[in-house]
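**Q** the following comprises the amino acid sequence and a computationally predicted model.
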Amino acid sequence: MKLNTYEQNSLDNSVTSRGDVFDFIVCGAGSSGSVVAARLAEDGGARVLLLEAGGDDSAETVTNPAQWPLNLGSSRDWGFIGEPAPGLDSRRLPLSMGKGLGGGSSINVMVWARGHKEDWEHFAAEAGDEAWGYESILRYYRRIEDWNGDPDPIRRGVGGPAYVAQPQKPQPIAEALLKAASAIGIPVFDTPNGEMMESPGGASIAELRIRNGKRESVFGSYVRPLLSRPNLAVITDALVTRLIFDGKRVIGVEVLVDGRLRQFTARCETVLSLGAINTPKVLMQSGIGPEHELRAHDIPVIQHLPGVGQNHQDHLAFGCTWAYKKPEGVGGSGCEAKLYWRSDARLAQPDILQCQLEFAVPSPIETELETPEHGWTMFTGLAQPKSRGRLRLSGSSFADPILIEPNSLSEPEDMAAALAAVELCRDLGNSEAFTPLVTGETAPGARDRAGMVRFIRRSAVTYWHQSCTAKMGRDDMSVVDNQLKVYGIDGLRIADSSIMPRITTGNTMAPCVVIGERAADLLREQHSLYRPAEVLSQPS
C-alpha cells in the first residue's frame, strides 16, 4: 500500500490500529474531493480517508506552470479517448483528465473561472434549491478565495485557501487582445470573475492559480496543510473498483492497492469525486445505472438510474493561429487573457469562450495546416454546447475501459455558434491591435462557409472540461438530488463535475471547488460535525 508521506501518519500506525474503518471515505483527490476531505478532517474527531488512483504531485511538470502540456499523455493523465464522432468527421478526440493528487488542478492551465451568474441560477432551478443559486455561490467564493487584486467585498474573498491572482506583467499579446476587443465594442473588465460574470460578456486579463511562479493545486491549498493530522489518511495509487453495499446502503469501497484488492468501510458516508468519466463508471459497475446497460454486462442491478453516464458535455475549441514577427515571451501558464461573448444578442449569457495561448498550438493533422515555429493560438469555442454525449460500459470489470461517445457538434446550434466564434476570433486576430506583433494568420485563413465548416469539424479539440454525466436535478434522468445524494441509495453522495446539470461558462476548476465546499457543508450539517470559526457565518 502506497501512502503519500508528506508529514502524515502511515496506515501502519494509529490509523490501521482500528482497522480499515473510517467515518468518511472520499474517492478522488481532485478539485472537489480534496475540498471535501479537508473540510471533513477539520473537525478533528471525524476519521477521513482520501483515496487517489494516481501518484503524488511533486513532478516538475506539475509545479512549473509553463510545463503543463507535458503532462498530457503521461502517467498523470487518464488518457481517455472518445469514440469516433460523426460531427468531427469521425475523428476520435483525446480526452485528457488529471490522475494524481490534485487531479485536473495539477495538470491544467490554472485558469480560475467562476461560471456565469446564469449557470448557477440554472443549477438552483434544476435542483429546486436556492442554496445553489448565484447569491449563495458568491458567499462560497468569498470563503474559498484569497484574492490578490482590487477589493470587491461583494464578489471576492480574501484569506481563503485558494490563492488567485492576475499576472503582474501580462505579455504584449494579451494586452493586444484587450485592445482588439474594445475596438469592436466588446467591454473590457479589470477581472473576469467580478461583474463580467454577470454580464453578456467581455474580455479581461485571466486569473490564475500561480503563486511565486509555482502552480497551486487544490490538493495543495486544502489538504496539504492538514497532512499531519492523525484523523486524515491519504492513499495514492489506490484505484476504487466498486462500491460495497448492505442492501441499498453503501458501507464502503473496494480498492486496488499494490496489486491486491482491499476493502475500506465508511461508518457515515462515502463520497465519489472521481470525475465525469470514472464516477459513472464506478456507479454502473457497482450496479447503479441504466438497467439495460447493467444487464447487458451481467451486473446485478442495485438501483435503476437511467441518467448515469448520460448528458455528457464538454467545451470544444477550434485553434485559430497567427505567426509572430519575432519570438515573443510566454507568461505564467501561457494563458493570460480570456474573452466571453455571445453568438446571438438575444442570449442571456455568453456562449462563446476564448482562451488565448501565447504559443502556437499545432492543428490536428486532418486540417493539413502548417504551424508556425513562433506564434500564438486562440482557442475559440463553445461555452454552452447543445450537443449531448453518453458513456457506455465495455465490460463488468474495473479493467474494462469505459466507452465515451462525445457526440460533438451533433446539434445544428453548435455549428452555428462555432462559425460565429471563429469569425469573431479572426476579426480580433486580424485587427490593428495585433499588427505590431504578427505577420499574419496561419489557421484557418479565409474560406467559404463550406470550407470553414470543414475546418471546424477537423480542427475541433477539447478544453478537457468533461462534465454532467451524473446530473443534479428532479427529473427522471437526474442522478443526485439537491443535497448530492444518489437517488435510491443511502450513504453515498457525488461531488465533482459530473453533478452539473449543464456545463458552466469557462474553465471548470473553480466550480468544482464550490461543489466540494457545498458537499462538505451538507455532510457536516447531517452528521453534526464541528465547523471551524472561519466558516461559521457562511452558507450551510
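**A** Thanks, I have it.

**Q** the closest residue in space to residue 129 that isn't next to it in sequence: neighbour count?
**A** Nearest residue to residue 129 in three dimensions, chain neighbours excluded: residue 482, at 3.8 Å (CB to CB, 6 or more residues apart in numbering). Any C-beta I mention is one placed from the backbone N, CA and C, and that applies to glycine too. Around residue 482 sit 20 other residues, with neighbours defined as other CB atoms under 10 Å.

**Q** residue 482 belongs to a helix, doesn't it?
**A** No - counting by DSSP: H, G, I helix; E, B strand; the rest coil, residue 482 is not found in a helix; it is coil.

**Q** that one against residue 127, yeah?
**A** Yes - assessed by CB atoms under 8 Å, residue 482 is found in contact with residue 127 at 3.9 Å.

**Q** need the pLDDT of residue 5.
**A** The model reports residue 5 with a pLDDT of 36.

**Q** so residue 508 versus residue 383, what's the distance?
**A** 11 Å (CB to CB, to the nearest Å).

**Q** cool, and residue 509?
**A** 15 Å.

**Q** likewise residue 277?
**A** On the measure of CB to CB, residue 277 and residue 383 end up 21 Å apart.

**Q** and what of residue 317?
**A** 10 Å.

**Q** mutual contacts of the two, please.
**A** residue 353 (CB atoms under 8 Å, 6 or more residues apart in numbering).

**Q** which stretches of the protein form helices?
**A** All helices of the chain, identified by DSSP state H, fall at 33-41, 60-63, 117-127, 134-144, 172-183, 218-222, 275-285, 291-295, 412-429, 449-459, 509-526.

**Q** right, and these - which one's nearest residue 351?
**A** helix 412-429 (5.4 Å; CB to CB).

**Q** buried residues, the closest one. List them.
**A** 413-415, 417-422, 424-426, 428-429 (16 or more other CB atoms under 10 Å).

**Q** which one of the residues you listed is nearest to residue 189?
**A** residue 428 (16.1 Å).

**Q** who does the longest strand belonging to the chain touch, helix- and strand-wise?
**A** Of all segments of type strand in the chain, defined using DSSP state E, the longest is strand 260-272. Packing partners of strand 260-272 (3 or more CB pairs under 8 Å, 6 or more residues apart in numbering; DSSP states H and E): strand 21-27, strand 48-51, strand 238-246, strand 249-257, helix 275-285, strand 492-494, helix 509-526.

**Q** cutoff 7 Å now
**A** strand 21-27, strand 238-246, strand 249-257, strand 492-494 (3 or more CB pairs under 7 Å, 6 or more residues apart in numbering; DSSP states H and E).

**Q** make a markdown table from the ones you listed and add mean neighbour count and distance to residue 96 to it.
**A** Shown next, in a markdown table, are the helices and strands packed on strand 260-272 (neighbours: other CB atoms under 10 Å; distance: least, CB to CB, whole Å):
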| stretch | mean neighbour count | distance to residue 96 |
| --- | --- | --- |
| strand 21-27 | 26 | 20 |
| strand 238-246 | 20 | 18 |
| strand 249-257 | 20 | 22 |
| strand 492-494 | 26 | 22 |
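
**Q** pLDDT weak spots in the chain?
**A** By pLDDT under 70, the weakly predicted segments of the chain are 1-19, 531-540.

**Q** now do the contacts for the residue lying closest to residue 241 once chain neighbours are set aside.
**A** Nearest non-adjacent residue to residue 241, counting by CB to CB, 6+ apart: residue 398, 3.9 Å away. Contact analysis of residue 398 by CB atoms under 7 Å, 6 or more residues apart in numbering lists 239, 241, 242, 256, 285.

**Q** also residue 130?
**A** Residues in contact with residue 130, defined by CB under 7 Å, 6+ apart, are 124, 136.

**Q** out of the helices of the chain, which comes closest to residue 472?
**A** helix 117-127 (5.3 Å).

**Q** what lies in contact with that closest one?
**A** With CB under 7 Å, 6+ apart, helix 117-127 has contacts from 130, 132-134, 137, 197-198, 348-349, 472-473, 482, 501-502, 504-505.

**Q** just the buried ones from the residues you listed?
**A** 132-134, 137, 197, 349, 472-473, 482, 501-502, 504-505.

**Q** next, format those residues as JSON lines and append distance to residue 103.
**A** Output for the buried ones among the contacts of helix 117-127, formatted as JSON lines (distance: CB to CB, whole Å):
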{"residue": "132", "distance to residue 103": "22"}
{"residue": "133", "distance to residue 103": "26"}
{"residue": "134", "distance to residue 103": "26"}
{"residue": "137", "distance to residue 103": "21"}
{"residue": "197", "distance to residue 103": "23"}
{"residue": "349", "distance to residue 103": "27"}
{"residue": "472", "distance to residue 103": "20"}
{"residue": "473", "distance to residue 103": "24"}
{"residue": "482", "distance to residue 103": "24"}
{"residue": "501", "distance to residue 103": "21"}
{"residue": "502", "distance to residue 103": "21"}
{"residue": "504", "distance to residue 103": "17"}
{"residue": "505", "distance to residue 103": "21"}
